[in-house]
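> Need coordinates for the following:
(2 chains)
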There are 2 protein chains.
Amino acid sequence: MNTVKIGICGLGTVGGGTLRVLERNADIIRARAGQAIEVVQIGTRRDNPAYPTGSIPVTRDVFEVADNPAVDIVVETIGGTTVARELILRALDNGKHVVTANKALIAEHGNAIFQRARERGVSVAFEAAVAGGIPIIKAIREGLSANRIEWLAGIINGTGNYILTEMRDTGRPFAEALKDAQALGYAEADPTFDVEGIDAAHKLVILASISFGIPLQFDKVYTEGISALELKDVRYAEELGYRIKHLGIARRTPQGIELRVHPTLVPQERLLANVNGVMNAVMVDGDAMGPTLYYGAGAGSEPTASAVVADIIDVSRTLQSAPCSRVPYLAFNDDHLSDERILPIEAIETSFYLRMEAIDKPGVLSRIATILSDAGISIEALIQKAPRPGVATVPLILLTNRVREGLLAEAVTRIEALGSVQGRVVRLRMESLDG
Amino acid sequence: MNTVKIGICGLGTVGGGTLRVLERNADIIRARAGQAIEVVQIGTRRDNPAYPTGSIPVTRDVFEVADNPAVDIVVETIGGTTVARELILRALDNGKHVVTANKALIAEHGNAIFQRARERGVSVAFEAAVAGGIPIIKAIREGLSANRIEWLAGIINGTGNYILTEMRDTGRPFAEALKDAQALGYAEADPTFDVEGIDAAHKLVILASISFGIPLQFDKVYTEGISALELKDVRYAEELGYRIKHLGIARRTPQGIELRVHPTLVPQERLLANVNGVMNAVMVDGDAMGPTLYYGAGAGSEPTASAVVADIIDVSRTLQSAPCSRVPYLAFNDDHLSDERILPIEAIETSFYLRMEAIDKPGVLSRIATILSDAGISIEALIQKAPRPGVATVPLILLTNRVREGLLAEAVTRIEALGSVQGRVVRLRMESLDG
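From the prediction side, this is the model:
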């Protein structure tokens, strides 16, 4: 039996978890891969007491791993887009296969990295880049390969989902729920990447690419975070039968492809609405299979390692008898990627949740309704709260039919200009997710 | 670009759907597979007006397809374990790859079929055999390959799930809900396979084998159907915060492996409890990734075809550069299959729901509680309904702690022997599904 030799670069949560899973499950992994998998070198700037390296040689220079002639597969778990990028390109140039958990790198530089891998005749595997413990890349790229994929919608950032779950369950505002997430280690000291949707956008770009056969286009994603979300909107949504989830959505339309990350009202009976805490889930709808859903842990040491090690096993299988036909990186063969247009957010059609503070006097609702109706927008549901003592305005909550965002935005501008509406109109998108 | 040549045997729902998906999505499939996939022959006893064959040659003798030198991959969608088995073995002997949707055949004769395929150096793919539109075989066999899988639980029969959903939602008894399912085409005229759990047992055996690395052992599954399920138990379960689902469960324990299909109480907040109608879902828990769930259509023409075509694409990719290392049929390499013991149902530990009719007089509950307590069984919840006018007994519903089934059965026998308990004690198993 052959042995496949692994070099792990980075010994943080993911690299350490990979080492631990490879060691603990060595028997199972050998039985599945048909060959032993051995870690022969670890590159890390510092030791990590949580993940003892035993007798495995450790270097402080990760590039030594990329240059090590004994290494077959370089596992990159450093993160970031600078050293990690250089390291991966060096490993590829040295004819090594690469397994990476780096979503930012794949989303922003994947096209160039895959090109280099093709030139060198080696593999780059990145299952761990999206939704850790859920094998969603494999599901879409291989399991659903018969389908014309119509749309996908995912809870693909656990931090954000934890905060939204806390806001709903405990009635605490965003800032407090965030502090909680930080105390539990679910959110970083600087939570921008997670709560502003950048992390979700990285993952969405990868999912959209393998679903629709388009190149990775991170700069085209519309991204809106959850940091401005108010508790009252979580509650009004609940009252109307919805939950607010931070979704990444990609959809094929006759006009082009939608790529967007934003807080979204989802009917509360949908499975996605019931994915709580740090868990992730991705719904994918295709023309043959219909709606499907994949649920699991999206981050954490061993769930992410689970994906890294699955990739190592996949790559190991191709090593036994190279050259073997590989699954295309972006699911579709390179010469079949399409240049379909990514739609600007103004051109996208959804239903909307609108909340405004209206002065409590006759005729106000009628004026608002007229503005909407003139724009061809109809009201599907409405809550008008009773006046509160000492407050001149009442909250007015509306759900609209499906409307192009540009049109809605114009109508909202006109509503905001009414003397009888105070402040800005809060606007959230809704998705029925019903296939 | 090469062309892979397909022969389809059987032109029913699945074979017809496969033909349709291959034709409709030919462009997408070619882009993903890196080669054209062409149906060169169809074997069917009769034409199916729902699926026109156009200019594709049709034969009435499916064995002609297995013998056709132009065919690379034989797709078997005939069903059953007689002709289908002979056909597949003939195709393998002729050096052809096989894609099948036949769960009964794989569950009952898979070990021999895989052996033949190994001898001939060809592939047998069977993603469509379990949960149609959900790529669950690929997920477990490849996506979760880093994990020691601890347990799985699945709603893997859409007919049964439709009936249970109807019973709960509309308050109709089993027989009426079944009639409804038959009228809608969700259940066969003879519904035994579906409602008695045989179909689910076939699928469970396959899932357990690829999860635990054990041979297919259909004869060892404990199987209990839903046809005896009473509406009142659906309601009492609801009252206690549970839903009744017909689950296939496989679990690794220190004593051996559990393999069982039976109606099961599931806490109503679990995702599995919220899988409704004909939809399927499988929950899989592994040591590294934690709990994951896969949801989608479990049957039907195109969802099943989605899996068949994905297998065709998988096999096609290996054709480009044979011999290529294949994923082992049962996930673990053949020489690593273990002979772990499958537990008899008496040795399995679960919580239980018990319902009995007790004579409404002092001391009865205490006698029942004593029997349970003497057996070391504790009562976790209890409903005692008020006496009904003119009825001498009251329904008594108990939830127990986790207990070995053999022990519970003895206690139930003793309870049934009490003069103050009428008739038999209804007994349903419960699963918390919390990892």
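> Against residue A:331, how distant is residue A:144?
Between residue A:144 and residue A:331 the computed distance is 9 Å (CB to CB, to the nearest Å). C-beta here means a position set from N, CA and C on the backbone, and glycine is covered the same way.
> same deal with residue A:76?
In this structure, residue A:76 and residue A:331 are 21 Å apart, going by CB to CB.
> neighbour count winner among these two?
residue A:76 (30 against 23; other CB atoms under 10 Å in any protein chain shown).
> count of residues packed around the nearest residue to that one once chain neighbours are set aside?
The shortest distance from residue A:76 to any residue other than its chain neighbours is 4.3 Å, reached at residue A:100 (CB to CB, 6 or more residues apart in numbering or on different chains). As a burial measure, residue A:100 scores 30 neighbours (other CB under 10 Å).
> what sits against residue A:100?
With contacts taken as CB atoms under 8 Å, 6 or more residues apart in numbering or on different chains, residue A:100 has the following neighbours: A:75, A:76, A:77, A:84, A:88, A:106, A:124, A:125, A:126, A:128, A:129.
> same thing with residue A:76?
The contact partners of residue A:76, by CB under 8 Å, 6+ apart, come to A:9, A:10, A:84, A:87, A:88, A:91, A:98, A:99, A:100, A:101, A:102.
> So the fourth one belongs to a helix, correct?
Yes. Remark: residue A:87 belongs to a helix, assigned using DSSP: H, G, I helix; E, B strand; the rest coil.
> wait, what's in contact with residue A:158?
With contact set as CB under 8 Å, 6+ apart, residue A:158 has these partners: A:186, A:277, A:278, A:279, A:280, A:297, A:298, A:299.
> Assign a three-state SS to the last one, would you?
The three-state label given to residue A:299 by three-state DSSP is coil.
> List phi and psi for it.
In terms of degrees, to the nearest 10, the main-chain angles of residue A:299 are phi -150, psi -170.
> circling back: looking at the contacts of residue A:100, which one is closest to chain B?
Checking these against chain B by CB to the nearest CB gives residue A:128 as the nearest, at 10.4 Å.
> for the closest one, what are its contacts?
Applying CB under 8 Å, 6+ apart, one finds that residue A:128 lies in contact with A:14, A:99, A:100, A:101, A:304, A:305, A:307, A:308, A:311.
> Out of those residues, which is nearest to residue B:114?
Using CB to CB, residue A:311 comes nearest to residue B:114 of the contacts of residue A:128, at 25.4 Å.
> Can you tell me the element that closest one falls in?
Using DSSP states H and E, the secondary-structure element containing residue A:311 is helix A:301-319.
> Which elements pack onto that helix?
strand A:3-9, helix A:13-24, helix A:26-33, strand A:36-43, strand A:73-76, strand A:97-100, strand A:124-125 (3 or more CB pairs under 8 Å, 6 or more residues apart in numbering or on different chains; DSSP states H and E).
> Give the buried residues for the helix or strand following that helix.
For helix A:301-319, the succeeding helix or strand toward the C-terminus, using DSSP H and E, is strand A:349-359. Along strand A:349-359, the positions that meet the burial threshold by neighbour count (16 or more other CB atoms under 10 Å in any protein chain shown) are A:349, A:350, A:351, A:352, A:353, A:354, A:355, A:356, A:357, A:358.
> Just the CA coordinates for strand A:349-359, please, in CSV.
Extracted in CSV, the C-alpha atoms of strand A:349-359 (Å, rounded to 0.1, in the frame of the first residue of the first chain):
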residue,chain,number,x,y,z
GLU,A,349,-37.0,41.6,-8.2
THR,A,350,-38.1,40.6,-4.6
SER,A,351,-40.9,41.3,-2.2
PHE,A,352,-40.2,43.9,0.4
TYR,A,353,-40.8,44.6,4.1
LEU,A,354,-41.1,48.3,4.7
ARG,A,355,-41.3,50.0,8.1
MET,A,356,-41.9,53.7,8.7
GLU,A,357,-43.0,56.1,11.4
ALA,A,358,-46.1,57.9,10.2
ILE,A,359,-47.8,60.9,11.8
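> Which elements pack onto the helix or strand just after that strand?
Reading on from strand A:349-359 to the C-terminus, the next helix or strand found by DSSP H and E is helix A:364-374. Helix A:364-374 is packed against strand A:349-359, strand A:379-384, strand A:393-400, helix A:405-416, with contacts defined by 3+ CB pairs under 8 Å, 6+ apart.
> Reformat the contacts of residue A:76 into a markdown table and put distance to residue A:161 and pLDDT next to each item.
A markdown table is the format used below for those (distance: CB to CB, whole Å; pLDDT from 0 to 100):
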| residue | distance to residue A:161 | pLDDT |
| --- | --- | --- |
| A:9 | 29 | 98 |
| A:10 | 25 | 97 |
| A:84 | 26 | 98 |
| A:87 | 31 | 98 |
| A:88 | 29 | 98 |
| A:91 | 34 | 98 |
| A:98 | 30 | 97 |
| A:99 | 26 | 97 |
| A:100 | 24 | 97 |
| A:101 | 19 | 96 |
| A:102 | 21 | 97 |
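> For stretch A:261-272, buried residues please.
Of the residues in stretch A:261-272, those buried by neighbour count under the rule 16+ other CB under 10 Å are A:261, A:262, A:263, A:264, A:265, A:266, A:267, A:270, A:271, A:272.
> Can you get me the start-to-end distance on that stretch?
15 Å (CA to CA, to the nearest Å).
> Tell me if it is near chain B.
Yes. Stretch A:261-272 comes into contact with chain B (CB under 8 Å from any CB of the partner chain), by way of A:269, A:271.
> now that stretch, how far from the centre of its chain.
Mean C-alpha position of stretch A:261-272 versus that of the full chain (CA atoms, centre = their mean, to the nearest Å) differs by 15 Å.
> Would you tell me which residues of the stretch 101-250 of chain A are close to chain B?
For the stretch 101-250 of chain A, the residues in contact with chain B (CB under 8 Å from any CB) are A:127, A:132-135, A:138-139, A:142-148, A:213.
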